[in-house]
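**Q** Give me a 3D structure for the following:
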Amino acid sequence: MRRIGLLGGTFDPVHIGHLLAAQAAQEAAKLDEVWFVPTLIPPHKPQPGADSGARRRMLEAAIAGNPAFRVEDIELRREGISYTIDTVITLQESFPEVMFYWIVGSDMVKDLPNWRKIDELAERLAFVGLERPDQPGDDSLLPSFIRRRLLRAAMPPMGISSSEIRRRLKEGRSVRYMIPDAVLEIIRKDGLYES
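**A** Residues are numbered from 1 along each chain as shown. From the prediction side, this is the model:
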């Protein structure tokens, strides 16, 4: 079976931290590929500032040149709020020969028990929890059915966030080296995140 990691998010905009997370998860879980899954309507975040087409173009530009990374736009094509369980069910129906892993940041691991239909989700796939060296994860509070399906991956410390990048862009400050140059080119060309 092929092993595919799924990294969901708004990617508003995609940045170096997202790419490092995908690479760390790929190495730790020995994944054949990582598919970036941009969400249309996130269940627990405000609406993205850039439209879905722009976010997809930025993702494609960011991962160009890495044959193990691809964009999976299933959630952009679906109406309504994007729930992980719905995405996973649809992908498993389309790719029955694949073992999927959902990649989550260390901050989201502790929130897994609150995810929609988490018991069914944990039966369907494994989780790769990214862990910063300065913030080791404490899995003791997680239900055992999640702990059994959780693999930890070391993530280098990274103080970059999409919200910080949007703020810097609105202020006219540089975001060079925080995002790939190809992504910055799209942001400038499309006039995204301007004040």
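**Q** Would you mind confirming that Ile63 is in contact with Glu72?
**A** No. The pair Ile63 / Glu72 is not scored as a contact, 11.4 Å apart, by CB atoms under 8 Å. To be clear about C-beta, it is placed using only N, CA and C from the backbone, and glycine gets the same treatment.
**Q** Look up phi and psi at the nearest residue to Ile41 once chain neighbours are set aside.
**A** Excluding the flanking residues, the one nearest Ile41 by CB to CB, 6 or more residues apart in numbering is Ile81, at 4.8 Å. Per-residue torsions, Ile81: phi -70, psi 140 (degrees, to the nearest 10).
**Q** How about the contacts made by Ile81?
**A** Each residue near Ile81 by CB atoms under 8 Å, 6 or more residues apart in numbering is listed here: 41-43.
**Q** measure it to Lys45 for me?
**A** When distance is defined by CB to CB, to the nearest Å, Ile81 is 11 Å away from Lys45.
**Q** low-scoring stretches of the chain, by residue?
**A** 133-136, 195 (pLDDT under 70).
**Q** where do the strands sit along it?
**A** For the chain, the strands defined by DSSP state E occupy 2-9, 33-38, 69-71, 98-104, 126-131, 150-154.
**Q** Out of those strands, the one nearest Gln26 is which?
**A** Evaluated with CB to CB, the strands of the chain place strand 33-38 nearest to Gln26, the distance being 5.3 Å.
**Q** who's in contact with that closest one?
**A** Applying CB under 8 Å, 6+ apart, the set of residues contacting strand 33-38 is 2, 4-11, 14, 18, 22-23, 25-26, 52, 55-56, 59, 63, 68-76, 87, 103.
**Q** ditto for stretch 118-129
**A** 5, 25, 28-29, 84-85, 88-89, 92, 99-106, 109, 112, 115, 137, 145-146, 148-153.
**Q** Pull up the distance across it, start to finish.
**A** End-to-end distance of stretch 118-129: 15 Å, with CA to CA, to the nearest Å as the criterion.
**Q** Would you mark the buried spots in that stretch?
**A** 118, 121-122, 124-129 (16 or more other CB atoms under 10 Å).
**Q** how about those, which pair is most distant?
**A** The distance between the two most remote of the buried residues of stretch 118-129 (CB to CB) is 16.7 Å, for Arg124 and Gly129.
**Q** which other helices and strands contact the longest helix belonging to the chain?
**A** Determined from DSSP state H, the single longest helix within the chain is helix 16-29. Judged by 3 or more CB pairs under 8 Å, 6 or more residues apart in numbering; DSSP states H and E, helix 16-29 is in contact with strand 2-9, strand 33-38, helix 52-63, strand 98-104, strand 126-131, strand 150-154.
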